[in-house]
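Participant: Let's see this in three dimensions:
(chains A and B)
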Amino acid sequence: MNPLVWYIPLGLLAILLGLLLRDRAYKVCPWFFAYVAFGVAADVARFLVRNHSQAYKATYWVTEAGYCILGILVMHEVFRAVLRARVWWTRLIFPIILLTAVVLSLAHAHAVPPQVGGLLYYIVAGEIAVRFVQVLIFVGLGALAAFFGLRWRQYPLGIAAGFGLYSTVALLSTIKFSDFGTRFQFWWDMTSVVSYSLAVLIWIWFFRAPQEEESPLDPELVARYTAVLEQYLKYIRRMR
Amino acid sequence: MFSQILTWLILASSVLELVYLLYLAWSSTRVPKLVLSDVVHFLYPVDLSLLAGLLDPATDLQLRWSLSPRGYREEQRRRMRLYRQLLLRMAHNSSVLAEFDNAVRGYNNLVAGPGSKLQEAALNVRIYCTFARVRLRVWLSLPLCAFGVAPHGADLARLRKAATVDGLRAYEAMKTAAAEAFARLQPTELDALARNL
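Facilitator: The predicted structure follows:
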């Protein structure tokens, strides 16, 4: 396979970064902006050191740890944006999700130990935990959106959808391919690149236009239209 | 074993949700757009004075004083059923207005947008109705004697707030937000609305 295929996500991330800058989306989703900027920088750094084995290994693991931390921060941002703290216990949901993800990740690491040791072991376990957080938040927000009739075309839900797709595929690959050993390394890499590219395409689709901000209305106008609405509703009641 | 089952359940839910999203994307190009007249006719009238009366603590107190314990319990049950019906209507209207908002802002435009004021207000009403209905369901499923165990627990005035949302205020806020949404309509759309009414 052409090695340049691995850098398709870099190209897509660069386009996304351009869109985020153009629409000043960093004001709405600062952590997601940081994530995308970091993604571009990390991929460029990996590309530059690709021919130096030790340097590539160090860059790879450092950037993976960065992805983990930023991935969690982005999901927290998304969660807070959609589920504003209306009820005190909603603040507990994110820590519970995080804890569940850590437990599931450790259980998986215990069942199928990663082939790395020391700090790298924790980075791998952390990556799986982040994928669980992303999937859980995607599932939870999707259920909320369906139940409460929320509008899907919002930046936070778009971010969650992209991460949801990528993390679901990544987790399925991790769980299923680990059963086969290293024989399916190529397909594991392939599904990662394809699903991540699809996730970035979803983000590009959501961020291709700026969010419409509602302009404040004149209170007198609102009062007048409230009266009109009341009148309409009165007509409807009479018709029934 | 438990973690494996949980993992597969989570992944299956996620896959189902991805399929659902694909379906939404597909149906948004196939299903005809909602027109405003469809949305407005689906609204159910909610008598706000009746709602306020049911939530009035003075009414609870007056009934408690004027009726026998058994009569009071039966009357509370009747009022609870009435209130449940109002909650159903409020929840329904909030969904309809959220649909209305979606229709106004365009289902099929590719512009992402934040939750509007109407969406936010509708969401608050929906949250209130969901939590209040759960509490009512619990009370209505209990036998009459349970009202005697927790005499003030059955007061409808306690249902004014559920999940920290004030039901009456949330509904009023939703009406104001709906009026704002009406104000955003083009004159031709307003004419169409008036014609259909």
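
Participant: Now do the SS call for the residue nearest the centre of chain A.
Facilitator: Residue closest to the average C-alpha location in chain A (Cα atoms, centre = their mean): A:Phe163, at 3.4 Å. Classification of A:Phe163 using DSSP: H, G, I helix; E, B strand; the rest coil returns helix.

Participant: Let me know the pLDDT of it.
Facilitator: A:Phe163 carries a pLDDT score of 91 in this model.

Participant: Quick check, it in contact with A:Leu136.
Facilitator: No: at 10.7 Å, A:Phe163 and A:Leu136 do not qualify as touching, with contact defined as Cβ atoms under 8 Å. To be clear about C-beta, it is placed using only N, CA and C from the backbone, and glycine gets the same treatment.

Participant: quick one: A:Arg91 and B:Ala132, what's the gap?
Facilitator: 22 Å (Cβ to Cβ, to the nearest Å).

Participant: between these two, who's got more neighbours?
Facilitator: B:Ala132 (25 against 11; other Cβ atoms under 10 Å in any protein chain shown).

Participant: Looks to me like the more buried one is in a helix.
Facilitator: Yes: looking at B:Ala132 with three-state DSSP, it is inside a helix.

Participant: Can you give me the buried ones in stretch A:191-209?
Facilitator: If you call a residue buried by 16 or more other Cβ atoms under 10 Å in any protein chain shown, then stretch A:191-209 has these buried ones: A:191-192, A:195-207.

Participant: can you give me how far that stretch is from the chain middle?
Facilitator: How far stretch A:191-209 lies from its chain's middle: 10 Å, per Cα atoms, centre = their mean, to the nearest Å.

Participant: quick one: contacts of that stretch?
Facilitator: Under the criterion Cβ atoms under 8 Å, 6 or more residues apart in numbering or on different chains, residues A:5-6, A:8-9, A:12-13, A:15-16, A:19-20, A:23, A:25, A:36, A:153, A:155, A:158-159, A:161-163, A:165-166, A:169-170, A:173, B:110-112 lie in contact with stretch A:191-209.

Participant: what about B:Pro143, helix or strand, and which?
Facilitator: Using DSSP states H and E, B:Pro143 sits within no helix or strand.

Participant: Pull out the buried members of the contacts of stretch A:191-209.
Facilitator: If we count by 16+ other Cβ under 10 Å, those have these buried: A:6, A:9, A:12-13, A:16, A:19-20, A:23, A:25, A:36, A:153, A:155, A:158-159, A:161-163, A:165-166, A:169-170, A:173, B:112.

Participant: Quick one: the strands in chain B, in order.
Facilitator: B:161-162, B:165-166 (DSSP state E).

Participant: and of the ones you listed, who's closest to B:Pro45?
Facilitator: Evaluated over the strands of chain B, closeness to B:Pro45 peaks at strand B:165-166, with 21.0 Å, by Cβ to Cβ.

Participant: A:Gln134: what's it in contact with?
Facilitator: Applying Cβ under 8 Å, 6+ apart, we find A:Gln134 in contact with A:71, A:75, A:160, A:163-164, A:166-167.

Participant: how much space between B:Phe100 and B:Ser116?
Facilitator: Counting by Cβ to Cβ, the gap from B:Phe100 to B:Ser116 is 11 Å.

Participant: To what extent is A:Arg131 buried, counted in neighbours?
Facilitator: For A:Arg131, using other Cβ under 10 Å, the count is 23.

Participant: so it touches A:Leu171, yeah?
Facilitator: Yes: assessed by Cβ under 8 Å, A:Arg131 is found in contact with A:Leu171 at 5.1 Å.

Participant: on that earlier part again, show me which of the buried residues of stretch A:191-209 is closest to chain B.
Facilitator: Of all the buried residues of stretch A:191-209, chain B sits closest to A:Phe206, with 5.0 Å by Cβ to the nearest Cβ.

Participant: Now do the helices in chain A.
Facilitator: A:8-22, A:30-48, A:53-82, A:90-111, A:119-148, A:155-180, A:185-207, A:219-239 (DSSP state H).

Participant: Where does the prediction get shaky in chain A?
Facilitator: A:1-3, A:84-87, A:149-153, A:177-185, A:210-240 (pLDDT under 70).

Participant: Regarding chain B, what is its longest helix?
Facilitator: Longest helix in chain B, counting by DSSP H: helix B:69-105.

Participant: What residues of that one count as buried?
Facilitator: By neighbour count, and taking 16+ other Cβ under 10 Å as the criterion, the buried residues in helix B:69-105 are B:72-73, B:76-77, B:79-80, B:83-84, B:86-87, B:89-105.

Participant: Show me what that helix is packed up against.
Facilitator: Helices and strands touching helix B:69-105, by 3 or more Cβ pairs under 8 Å, 6 or more residues apart in numbering or on different chains; DSSP states H and E, are helix B:36-41, helix B:48-54, helix B:57-66, helix B:117-141, helix B:146-149, helix B:167-183.

Participant: and the contacts of A:Gln134 near chain B, which?
Facilitator: Within the set of the contacts of A:Gln134, contact with chain B (Cβ under 8 Å from any Cβ of the partner chain) is found for A:164, A:167.

Participant: and of the contacts of A:Gln134, the nearest to A:Ala65?
Facilitator: Of the contacts of A:Gln134, the one sitting nearest to A:Ala65 (Cβ to Cβ) turns out to be A:Gly71, at 10.5 Å.

Participant: measure that closest one to B:Arg133 for me?
Facilitator: Taking Cβ to Cβ, one finds A:Gly71 at 37 Å from B:Arg133.
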